[in-house]
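Peer 1: Give me coordinates for this.
(chains A and B)
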Amino acid sequence: AQKVTQAQTEISVVEKEDVTLDCVYETRDTTYYLFWYKQPPSGELVFLIRRNSFDEQNEISGRYSWNFQKSTSSFNFTITASQVVDSAVYFCALSGGGRYNQGGKLIFGQGTELSVKP
Amino acid sequence: GAVVSQHPSRVICKSGTSVKIECRSLDFQATTMFWYRQFPKQSLMLMATSNEGSKATYEQGVEKDKFLINHASLTLSTLTVTSAHPEDSSFYICSARRAGGLETQYFGPGTRLLVL
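Peer 2: Residues are numbered from 1 along each chain as shown, chains lettered A, B, ... in the order given. Below is the predicted model:
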């Protein structure tokens, strides 16, 4: 079965601290996609990144970076020098086009609520 | 960009009435749209997958006669909550996937439904 686990329910940091949000996934598909979405208090999910299973290169986008490691089935997300505007719920998600996930459905983790205090 | 809109953003209705929520992809064609429900402090729960021109595929436990989905064009899907009850109060979010795209879903801003 496909599953995404975000073990951290809530994280609280002070502005300018670095913070890492953990994501561990399970799938039997050989081709799959991993995502991170941000959900601010307004409710809208904002797409942050997509990574396919064949590309283990880490990615950096400004203060955001992602560490994809197939050996540990993890896709962790780090925010450097956090800001108050980073406060939101962050979801990690998995999608596969293979036999175990027809139609490319997104399997979401439970989300991590990040609170950045001034 | 990939912009998805939802209307209305918020609706309050009386028990027993029906409510229609629209989901539109504004700058791309979407052969597939998804409808989710999210309760407070919880993750998103997929309700159904909506494919243009065909019947929606509902997840287990979701009543297809209660949550009517229509995907009449490549840019519009609608969700109608029929005979709404207080337990249907929730945050409903749609997403759209580009025609020919197998991966990224782009989400609408959501609709908060409160049934009195």
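Peer 1: How far off centre is stretch A:108-118?
Peer 2: Put simply, stretch A:108-118 sits 11 Å off its chain's centre (C-alpha atoms, centre = their mean, to the nearest Å).
Peer 1: quick one: low-confidence ranges for chain A?
Peer 2: Within chain A, the segments meeting pLDDT under 70 span A:97-103.
Peer 1: The same query, at a cut-off of 50, please.
Peer 2: Residue ranges of chain A with pLDDT under 50: A:100.
Peer 1: For it, which segments are assigned as strands?
Peer 2: A:3-5, A:10-14, A:19-21, A:24-26, A:32-39, A:46-52, A:59-61, A:64-69, A:74-79, A:88-96, A:107-108, A:112-117 (DSSP state E).
Peer 1: most packed of these?
Peer 2: Comparing the strands of chain A by mean neighbour count (mean count of other C-beta atoms under 10 Å in any protein chain shown), strand A:88-96 ranks first with a mean of 24. C-beta here means a position set from N, CA and C on the backbone, and glycine is covered the same way.
Peer 1: could you say what helices and strands it packs with?
Peer 2: Using 3 or more C-beta pairs under 8 Å, 6 or more residues apart in numbering or on different chains; DSSP states H and E, the elements in contact with strand A:88-96 are strand A:3-5, strand A:32-39, strand A:74-79, strand A:107-108, strand A:112-117.
Peer 1: Save the ones you listed as TSV, and put in distance to B:F34 too.
Peer 2: As requested, those are exported to TSV (distance: least, C-beta to C-beta, whole Å):
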stretch	distance to B:F34
strand A:3-5	16
strand A:32-39	13
strand A:74-79	21
strand A:107-108	11
strand A:112-117	22
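Peer 1: Out of these, which is closest to B:S15?
Peer 2: Taking C-beta to C-beta, strand A:32-39 is the member of the helices and strands packed on strand A:88-96 nearest to B:S15, at 28.5 Å.
Peer 1: Specify the angle between the closest one and strand A:46-52 in degrees.
Peer 2: 170 degrees (axes from the mean of the first three to the mean of the last three C-alpha atoms, to 10 degrees).
Peer 1: ok, strand A:32-39 near chain B or not?
Peer 2: Yes - contact of strand A:32-39 with chain B (C-beta under 8 Å from any C-beta of the partner chain) involves A:Y33, A:F35, A:Y37.
Peer 1: possible to save those residues as JSON lines with distance to B:S5?
Peer 2: As requested, these are arranged in JSON lines below (distance: C-beta to C-beta, whole Å):
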{"residue": "A:Y33", "distance to B:S5": "24"}
{"residue": "A:F35", "distance to B:S5": "21"}
{"residue": "A:Y37", "distance to B:S5": "17"}
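Peer 1: How about the residues of chain A by chain B?
Peer 2: Applying C-beta under 8 Å from any C-beta, we find that chain A lies next to chain B at A:33, A:35, A:37, A:42-47, A:50, A:52, A:91, A:95, A:97, A:103-106, A:108-111.
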